[in-house]
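Student: Sequence and computational prediction follow.
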Amino acid sequence: QKEVEQNSGPLSVPEGAIASLNCTYSDRGSQSFFWYRQYSGKSPELIMFIYSNGDKEDGRFTAQLNKASQYVSLLIRDSQPSDSATYLCAVNIYTGANSKLTFGKGITLSVRP
Amino acid sequence: DAGITQSPRHKVTETGTPVTLRCHQTENHRYMYWYRQDPGHGLRLIHYSYGVKDTDKGEVSDGYSVSRSKTEDFLLTLESATSSQTSVYFCAIGTSLDYEQYFGPGTRLTVT
């Protein structure tokens, strides 16, 4: 059973458009949600975190969390070619008494000049 | 990379040989993790540590062992490497088991 799922990609958007990346998770008790960006051949880099329902904005990035529907999204406004990367969603998932950060498989974004 | 280094960065080895990968941090974080990343599988947790000499298994621990004798160092050992262990290995650090983690630059391991 997949615990953190990201909608299939790759995703391609023109420069200047809004890119919308979605992630669903299976654990209703999850409380911490993260977005990582990974350039080809590089390591994942934390770009956003969100803990409460609603939106959280940081520059061109907005994270949206809806715990009732169990999804978290990342919006990238005014997409740039430099945003082309794989984006990983990470959610804390409980197994027994422990909660561990669990990663989705990622979605690859390509921004066309 | 948040004060995390991994060595070696690249390694080619033969099936059946032992391999040790090293992760070193300067952040004094309690938690350290080893992941492997493969196409189609994403990041998978191999082992993690929550303190000196305190370690636990992740979802893909078979064929791997770890040791942590100092806060700053976390070693991953493949006792007898197999071709299925060809992968990119990432070390990560964090202050809690279920909050943000920061990744090292990775080690590309090829087992021939």
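Tutor: Received the coordinates, thanks. Note that the coordinates shown come from a computational prediction; the quantities given were computed from them, not determined experimentally.
Student: Close to chain B: what parts of chain A are there?
Tutor: Neighbours of chain B within chain A, by C-beta under 8 Å from any C-beta of the partner chain: A:31-32, A:34, A:42-46, A:49, A:88, A:90, A:92, A:98-101, A:103-106. All C-beta spots, glycine's among them, are computed from the backbone N, C-alpha and C.
Student: my read is A:Ser40 is in a helix, agree?
Tutor: No: read with DSSP: H, G, I helix; E, B strand; the rest coil, A:Ser40 is coil and lies in no helix.
Student: show me the contacts for the spatially most central residue of chain B.
Tutor: Centroid-nearest residue in chain B: B:Trp34, 2.9 Å away (criterion: C-alpha atoms, centre = their mean). For B:Trp34, the contact set (C-beta atoms under 8 Å, 6 or more residues apart in numbering or on different chains) comprises B:21, B:23, B:45-48, B:58, B:64, B:66, B:74, B:76, B:89-91.
Student: Mind checking which of these are in strands?
Tutor: Among the contacts of B:Trp34, the members falling in strands (DSSP state E) are B:21, B:23, B:45-48, B:64, B:66, B:74, B:76, B:89-91.
Student: Point out where chain B drops to low pLDDT.
Tutor: Residue ranges of chain B with pLDDT under 70: B:1-2.
Student: in the longest strand anywhere in chain A, what counts as buried?
Tutor: Using DSSP E to define each element, chain A has its longest strand at strand A:85-95. Using 16 or more other C-beta atoms under 10 Å in any protein chain shown as the test for burial, strand A:85-95 gives A:Ala85, A:Thr86, A:Tyr87, A:Leu88, A:Cys89, A:Ala90, A:Val91, A:Asn92, A:Ile93, A:Tyr94.
Student: and what of stretch A:45-63?
Tutor: For stretch A:45-63, by 16+ other C-beta under 10 Å, it's A:Glu45, A:Leu46, A:Ile47, A:Met48, A:Phe49, A:Ile50, A:Phe61, A:Thr62, A:Ala63.
Student: and stretch B:26-37, how far out from the chain's middle?
Tutor: Distance of stretch B:26-37 from its chain centroid, counting by C-alpha atoms, centre = their mean, to the nearest Å, is 8 Å.
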